[in-house]
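Novice: Please work out how this folds:
(2 chains)
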Number of protein chains: 2
Amino acid sequence: MPELDHGDPGDAPSTAAPLTPVADVPRRTAAEEARTLVAGTNRATLATLTADGHPWASFVTYGCLDDGSPVLCVSRLAEHGRNLDDDQRVSLAIVQPEIPADPLASARVTLAGTARRPAADEHAAARAAHLDAVPAARYYLDYSDFSLWIVAVDRVRWVGGYGRMDSADAPAYAAARPDPVSAVAAGAVSHLNADHGDALLAMARALGGYPDATSATCTSADRFGLDLSVDTPRGPGITRVGYAAPLTAADGLRAATVELARRARASA
Amino acid sequence: MPELDHGDPGDAPSTAAPLTPVADVPRRTAAEEARTLVAGTNRATLATLTADGHPWASFVTYGCLDDGSPVLCVSRLAEHGRNLDDDQRVSLAIVQPEIPADPLASARVTLAGTARRPAADEHAAARAAHLDAVPAARYYLDYSDFSLWIVAVDRVRWVGGYGRMDSADAPAYAAARPDPVSAVAAGAVSHLNADHGDALLAMARALGGYPDATSATCTSADRFGLDLSVDTPRGPGITRVGYAAPLTAADGLRAATVELARRARASA
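Specialist: Just a heads-up that it's a prediction; the model follows:
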């Protein structure tokens, strides 16, 4: 849904409020959301400046250093390569790879910063980071017109879809880590919805504040918990249920959701 | 394969040349390639300028006017909306929706130009163009912070993958039309490769210049013909075979490929 500060034409749907108290389940910070998106693909759009100061958007591939700095491999024969040689101010837009039917519901991030050629002692790490993310780069990375560029990120703007957006500064971005659950989350969500609707309903009723829920669907999973959408006789609602403890590895997700289901049924 | 003007480190694979004459089959112009890509999706990355002149890349949705001018619907609450209010110089990068395993083999285009708010007599067409391409925009298009912007395209840079790239000027872009075959091409290519490998081999041998081909795969289909990759005892090769006449509608593709197969077998 749009944020409250949009100029509402008056037809936004209303949602049913929870009826019982709901535990506050942490969410990923904007920096962590950004690091998770950046780690989740190898394709971005680069914005550079042409010689006459016009903004220039172009497709690029990237890998990442440990601090989340993107590493590009760009040909000087391409317009963006010539732009970078002249002006190192850049930004990168990265969008979640699987775009939903409503494209503006996608999660995306803009990283603004300054590009630099790797210093001698950075080159091996930059090369390895790019090749690790873009294996096909082995065919062209050593052509003389291709150069590696490291983007030092100054400013991060994350948009998680409608009404979810925040900024992060450079230290927060560098210190954050990609959510370890992200790579397996979509599969887990599909499995929960296909085979465990009863468990999701129990979670929504006992833990999510909707004792009158008639059905529940999982919309996303992260290292802290599950987002649920529910139907009630009062209308639709959304809620969130948390694991016993935040996850530190993808392989903990199954046990954490089993524990959630068990806890929900014990509270019923 | 990289272009010849890349600094070749010496390990580029070689391909087998055709052994018999091959008819010259037209290809889409850069302007037509651009119009086809732009018509094939509703998602782009916009490059704008921040107040201090930094390039800013951000995800947007778009529709198109009949002349290929993109129509954006942008919130003033978003950074790119504020940028547009201050400086209307923009570019849009649009990438083919299905990205191949090697991302730099994707087709993509950059449209550079200037954004303007629709004039009174343009507003209805711009609104309809955006809604036609982005049905979900009906939920927010009339919020007071959202505005339509038409991008007048000044310059087009198309990249069709490795070694295929060209520019188009504004009149050529406006006059070109999307390839009508594009929407059904991927399905047709899959079908030809799955069920008609013998017909593709006959085309490669009789029409494509490779009488020694041992197998043939269709890599793309457009309104003029089919691109084929072949295996021969001399190594791999690529060729192109043309329909009896260029197609003007998607539903002509099946008959055109049937005629190609018949002609190939008659020439064998």
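
Novice: you'd agree A:T61 is up against A:V74?
Specialist: No: the pair A:T61 / A:V74 is not scored as a contact, 9.3 Å apart, by CB atoms under 8 Å. Where you see a C-beta, it was placed from the backbone N, CA and C, and this is true even at glycine.

Novice: Okay, and the most centrally placed residue in chain A sits in which element?
Specialist: Nearest residue to the geometric centre of chain A (CA atoms, centre = their mean): A:L37, 3.4 Å. In the assignment (DSSP states H and E), A:L37 maps to helix A:30-39.

Novice: for A:R205, same thing?
Specialist: Here A:R205 is assigned to helix A:197-206, by DSSP H and E.

Novice: Which parts of that helix count as buried, going by neighbours?
Specialist: A:199-206 (16 or more other CB atoms under 10 Å in any protein chain shown).

Novice: Next one: the residue nearest to the centre of chain A from chain B, what distance?
Specialist: For A:L37, the distance to chain B (CB to the nearest CB, to the nearest Å) stands at 11 Å.

Novice: Tell me the bridge partners for the residue nearest to that residue when sequence neighbours are not counted.
Specialist: Excluding the flanking residues, the one nearest A:L37 by CB to CB, 6 or more residues apart in numbering or on different chains is A:V109, at 4.9 Å. Beta-bridge partners of A:V109, counted by DSSP bridges, are A:I94, A:W158.

Novice: what about the helix holding A:R205, distance to the chain center?
Specialist: Once both centres are worked out by CA atoms, centre = their mean, to the nearest Å, helix A:197-206 turns out to sit 26 Å from its chain's centre.

Novice: So for whatever helix or strand comes next after it, mean pLDDT?
Specialist: Downstream of helix A:197-206, the first helix or strand assigned by DSSP H and E is strand A:215-221. In this model, strand A:215-221 has a mean pLDDT of 97.

Novice: about what we covered before: pLDDT for the buried residues of helix A:197-206 - can I get that in a markdown table?
Specialist: A markdown table is the format used below for the buried residues of helix A:197-206 (pLDDT from 0 to 100):
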| residue | pLDDT |
| --- | --- |
| A:A199 | 97 |
| A:L200 | 98 |
| A:L201 | 98 |
| A:A202 | 98 |
| A:M203 | 98 |
| A:A204 | 98 |
| A:R205 | 98 |
| A:A206 | 97 |
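
Novice: burial count for A:Y210?
Specialist: The number of residues packed around A:Y210, counting by other CB atoms under 10 Å in any protein chain shown, is 27.

Novice: give the contact list for the closest residue to A:A183 other than its chain neighbours.
Specialist: Excluding the flanking residues, the one nearest A:A183 by CB to CB, 6+ apart is A:A250, at 5.9 Å. By CB atoms under 8 Å, 6 or more residues apart in numbering or on different chains, A:A250 lies in contact with A:180-181, A:183-184.

Novice: Of those, just say which sits nearest to B:T48.
Specialist: A:A183 (32.1 Å; CB to CB).

Novice: Next one: A:A31 from A:L253, what distance?
Specialist: 22 Å (CB to CB, to the nearest Å).

Novice: got it, and A:A112?
Specialist: Relative to A:L253, and taking CB to CB, A:A112 is found at 33 Å.

Novice: Same question for A:R27.
Specialist: Taking CB to CB, one finds A:R27 at 17 Å from A:L253.

Novice: Can you sort out which of the buried residues of helix A:197-206 also neighbour chain B?
Specialist: Near chain B, taking CB under 8 Å from any CB of the partner chain as the test, no member of these is found.

Novice: Low-confidence ranges, chain A, go.
Specialist: Within chain A, the ranges that satisfy pLDDT under 70 run A:1-13.

Novice: Give me the domain ranges for it.
Specialist: A:30-175, A:182-267 (automatic domain parsing).
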